[in-house]
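In: show me how the following folds:
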Amino acid sequence: MTKLSVNINKVATIRNARGGNIPDVAQVAVDCERFGAQGITVHPRPDERHIRYEDVRHLRHQLTVEFNIEGNPTDSFMRLALETKPHQVTLVPDAASTLTSDAGWDTITHRDFLKDIVTTLKQSGIRTSVFVGAELHFIEAAAKTGADRIELYTGPYSHDYSKDRETAIRPFREAAKLARTLGLGINAGHDLSLENLRFFINQIPFIDEVSIGHALISDALYFGLEKTIQMYLNELKIGS
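Out: Prediction:
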């Protein structure tokens, strides 16, 4: 079954809006694990506008499920990753001013840079994933970096799902098939939700992991965190 990794950035956003430690990010992460999530994802940015570097250090010792850190591999990010040694690092080409991830890597232009980063992380025993769109040539180049996995940027799928889901899924289905033949594991994330998740997994049942934050935390405002996680897990079970 595809694993669910809960991105808790939005929890940190709420905390930072008022200062203090309410909600407690670490406690929410532990609760997500207790409620059935198979992973926790964080995306610390240089301005620490949600997840802070210190959160990452603290969470590494709190969790028993898979811990995934994603971000642009700047010098400071790499120092943090090598210090904390999460189970997985997902490389995302965000500019410092980017509100949210909105594109995958051009893995052709940046192949040598990514290859060096991947090598460094893997030497420390960290699984690596490269954030890419559904363009086949970028997936082929991602495989040449030595990464263990790719994470498909599913923003376009989610945006177009309500218009024509068959058209929306087609490039991602082809991208996933290619990645699989190249020996890459496949993660997916960005704007996946209770509305579009089941169809995505039905069409690509060999996805290893989905990372979901914004929609899941928003749903939790209505349903509660425990019930919401169970609802997402149920979509993955039905999809599989």
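
In: so where does Arg198 fall, helix or strand?
Out: Following DSSP states H and E, one finds Arg198 within helix 197-203.

In: now do the strands in this structure.
Out: Along the chain, the stretches classed as strands by DSSP state E are 3-7, 39-42, 66-71, 88-91, 127-132, 149-153, 185-189, 209-212.

In: residues making contact with the helix holding Arg198?
Out: Applying Cβ atoms under 8 Å, 6 or more residues apart in numbering, the external contacts of helix 197-203 come out as 2, 154, 157, 161, 165, 169, 172-173, 188, 192, 207, 210, 212, 232, 235-236, 238-240. (Each C-beta comes from the backbone N, C-alpha and C, glycine too.)

In: picking that back up, okay, the strands of the chain in a markdown table with distance to Val25 and mean neighbour count next?
Out: Listed next are the strands of the chain as a markdown table, based on distance: least, Cβ to Cβ, whole Å; neighbours: other Cβ atoms under 10 Å:
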| stretch | distance to Val25 | mean neighbour count |
| --- | --- | --- |
| strand 3-7 | 12 | 24 |
| strand 39-42 | 9 | 25 |
| strand 66-71 | 13 | 24 |
| strand 88-91 | 19 | 28 |
| strand 127-132 | 22 | 25 |
| strand 149-153 | 22 | 27 |
| strand 185-189 | 19 | 23 |
| strand 209-212 | 16 | 26 |
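
In: tally of neighbours for the residue nearest to Asp55 when sequence neighbours are not counted?
Out: Nearest residue to Asp55, sequence neighbours excluded (Cβ to Cβ, 6 or more residues apart in numbering): Val25, at 5.5 Å. By other Cβ atoms under 10 Å, 25 other residues sit near Val25.

In: hang on, Val25 packs against His50?
Out: No: applying Cβ atoms under 8 Å, one finds Val25 not in contact with His50, separated by 9.0 Å.

In: hey, what's in contact with both of these two?
Out: Counting by Cβ under 8 Å, 6+ apart, the common neighbours of Val25 and His50 are Ala12.

In: nice, that's everything, thank you.
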